[in-house]
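K.L.:
Kindly return the folded structure for what I paste below:
(chains A and B)
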Protein chains: 2
Amino acid sequence: MEFLTSNQNQRVKDWKKLQTKKQRIRANSYIIEGWHLIDEAIKSGKQFKELMVVDPEDLDGLNLNSETELFQITPEIAAHISDTKTPQGIFAVLPLDSYHEEIPEELSGHWLLLDNVQDPGNLGTIVRTADAAGLNGVVLGGSSVDIYNPKLIRSMQGSHFHISLYSGDLNDWITSFKQQQIPVFGTELNEDAKSYKEVGQPENFALVMGNEGNGMSEDTLEQTDQNLYIPMRGNAESLNVAVAAGIVMFQLIKS
Amino acid sequence: MEFLTSNQNQRVKDWKKLQTKKQRIRANSYIIEGWHLIDEAIKSGKQFKELMVVDPEDLDGLNLNSETELFQITPEIAAHISDTKTPQGIFAVLPLDSYHEEIPEELSGHWLLLDNVQDPGNLGTIVRTADAAGLNGVVLGGSSVDIYNPKLIRSMQGSHFHISLYSGDLNDWITSFKQQQIPVFGTELNEDAKSYKEVGQPENFALVMGNEGNGMSEDTLEQTDQNLYIPMRGNAESLNVAVAAGIVMFQLIKS
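P.N.:
The predicted structure is shown next:
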């Protein structure tokens, strides 16, 4: 195990650069940090390219692949390469699973399509909720947030190891769902909207959630088969998008 | 209207100090910022003690009480007293509505009890969701977060103007609910837990949600009438507490 002590070391510089999408694509790698994510990755059978720890005793009992390069790093390097204020002193570099930009030929089951959801914290919570609800996949549409964005990775809490994530043009995705007779539900309060409790629990569906402030885009809205809304009794003007997504997903899925 | 130009002005210092609970109690005041909250306060009939704007034209059309003291401030002062990185240049000081520490003598309807929920962002989202679901009140128990904490105020998006917020000891609250034959539901996965879809939509209930990492405290758990859980089909270990609260509240309430 190599012991690195300087932020000027080329490896350290390379890890730091993985905070940008450009560099992640160039290196075909992304970085995760903290015990929970490392554990989830191992449980999901992922292999690390590199593993970095402040305290080498932390490696005891970790079930690592022999091809993983191990590094001991200083707390200063941990602080330097971390995306958080309180790094836990353990990091790993994984290969990108590819950017999942192709629409699968056969679509079935339950899908969530996100129309320009912007906040990485909201996105991560939504993906984690979709995982808990047992959805088949989540499509990030029109979003500026990259799937391997460190804040998104952190807030998904490992759910990206379990559920398929795609990025792509929602219009293309919706066309594919319609070709396969899968109903596409929008979530916008308009004249034709039905309560989300009135559509039963369909065997297959695609549910679209809109942007935090602006809702769904006109284009996407026009293509949906049915719009759903959540009846509200109080005075709040809207729900947080992650909460709304959770309420609708858990209603539409049999449990 | 007085024009203030220095962070050293005593008024400015007093506004800045309202970020601490101690000073809020001493001044019997709290501060809000941004257009949405100012609008919500006016719509809810709240009266401002003081209103501060960077651009005096912003006051046009605002329906203000004649007793509100008006101040023009510089962008530097706005940045100084703001709790955000991008202040909108409008602030108001309101009287504390009291700390709502007494349990009402008659309890009925739908209540949410929060057992040590810590993150102001989560708390704010939960209160906003409870408002949208039409709950009667939310009790912050064992929490270190003050009701008038600026981050909490911001994330509630005005819902504290609509819904009653209390802070207090959950054991005392639960005792009061039980004396009035109101069922108290915990949310903890244990042997006796029922799915949240199996208890119908009771006319009255108190629902307890636990801490982000540790769940409900033993004490509180022992006092509940029934524990509820959300069945999960995927691999996520848990839901975000605000999402879970939203899913259960919207199920338990008729819509």
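
K.L.:
Around the residue of the stretch 1-150 of chain A found nearest chain B, how many other residues sit close by?
P.N.:
Residue of the stretch 1-150 of chain A nearest chain B, by Cβ to the nearest Cβ: A:G134 (2.8 Å). Glycine gets a C-beta too; all of them are placed from N, C-alpha and C. By other Cβ atoms under 10 Å in any protein chain shown, 21 other residues sit near A:G134.

K.L.:
Then A:L70?
P.N.:
With neighbours defined by other Cβ under 10 Å, the count for A:L70 comes to 15.

K.L.:
So in that sheet, which strands flank the helix or strand encompassing it, and in what orientation?
P.N.:
Element membership for A:L70 (DSSP states H and E) is strand A:69-73. With DSSP bridges as the test, strand A:69-73 is paired with strand A:2-4 (parallel), strand A:50-53 (parallel).

K.L.:
any idea of the mean pLDDT in the first one?
P.N.:
Same thing as strand A:2-4. Per-residue pLDDT values over strand A:2-4 give a mean of 95.

K.L.:
same deal with the longest one?
P.N.:
When the per-residue pLDDT values of strand A:50-53 are averaged, the result is 97.

K.L.:
Can you name the residues in contact with that strand?
P.N.:
In this structure, residues lying in contact with strand A:50-53 by Cβ atoms under 8 Å, 6 or more residues apart in numbering or on different chains are A:11, A:15, A:38, A:59, A:62, A:64, A:68-73, A:77-78, A:81, A:89-93.

K.L.:
let's see it at 6 Å
P.N.:
Contact with strand A:50-53 is made by A:T68, A:E69, A:L70, A:F71, A:I73, A:I90, A:F91, A:A92, A:V93, as judged by Cβ atoms under 6 Å, 6 or more residues apart in numbering or on different chains.

K.L.:
Quick one: those residues as CSV, columns for pLDDT too.
P.N.:
Output for those, formatted as CSV (pLDDT from 0 to 100):
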residue, pLDDT
A:T68, 94
A:E69, 96
A:L70, 96
A:F71, 97
A:I73, 97
A:I90, 96
A:F91, 97
A:A92, 97
A:V93, 97
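
K.L.:
Can you go through those residues and name the buried ones?
P.N.:
A:F71, A:I73, A:I90, A:F91, A:A92, A:V93 (16 or more other Cβ atoms under 10 Å in any protein chain shown).

K.L.:
Once you drop chain neighbours, what's closest to the third one?
P.N.:
In this structure, A:I90 finds its nearest non-sequential neighbour in A:V53, 5.1 Å apart by Cβ to Cβ, 6 or more residues apart in numbering or on different chains.

K.L.:
The fifth one now?
P.N.:
In space, A:A92 comes closest to A:F48 once its chain neighbours are excluded; the distance is 4.3 Å by Cβ to Cβ, 6+ apart.

K.L.:
My read is that that neighbour contacts A:T68, right?
P.N.:
Yes: look at A:F48 against A:T68 with Cβ atoms under 6 Å: they come within range, at 4.6 Å.

K.L.:
interface residues of chain A facing chain B?
P.N.:
A:125, A:128-129, A:131-132, A:134, A:159, A:162, A:231-236, A:239-240, A:242-243, A:246-247, A:250, A:255 (Cβ under 6 Å from any Cβ of the partner chain).

K.L.:
Report the contact partners of the residue of the stretch 151-255 of chain A found nearest chain B.
P.N.:
Closest residue of the stretch 151-255 of chain A to chain B, Cβ to the nearest Cβ: A:R233 (2.8 Å). Residues counted as contacts of A:R233 (Cβ under 6 Å, 6+ apart) are B:G134.

K.L.:
The one 3 residues further on now?
P.N.:
Remark: with contacts taken as Cβ under 6 Å, 6+ apart, A:A236 is in contact with B:R128, B:D131, B:A132, B:S159.
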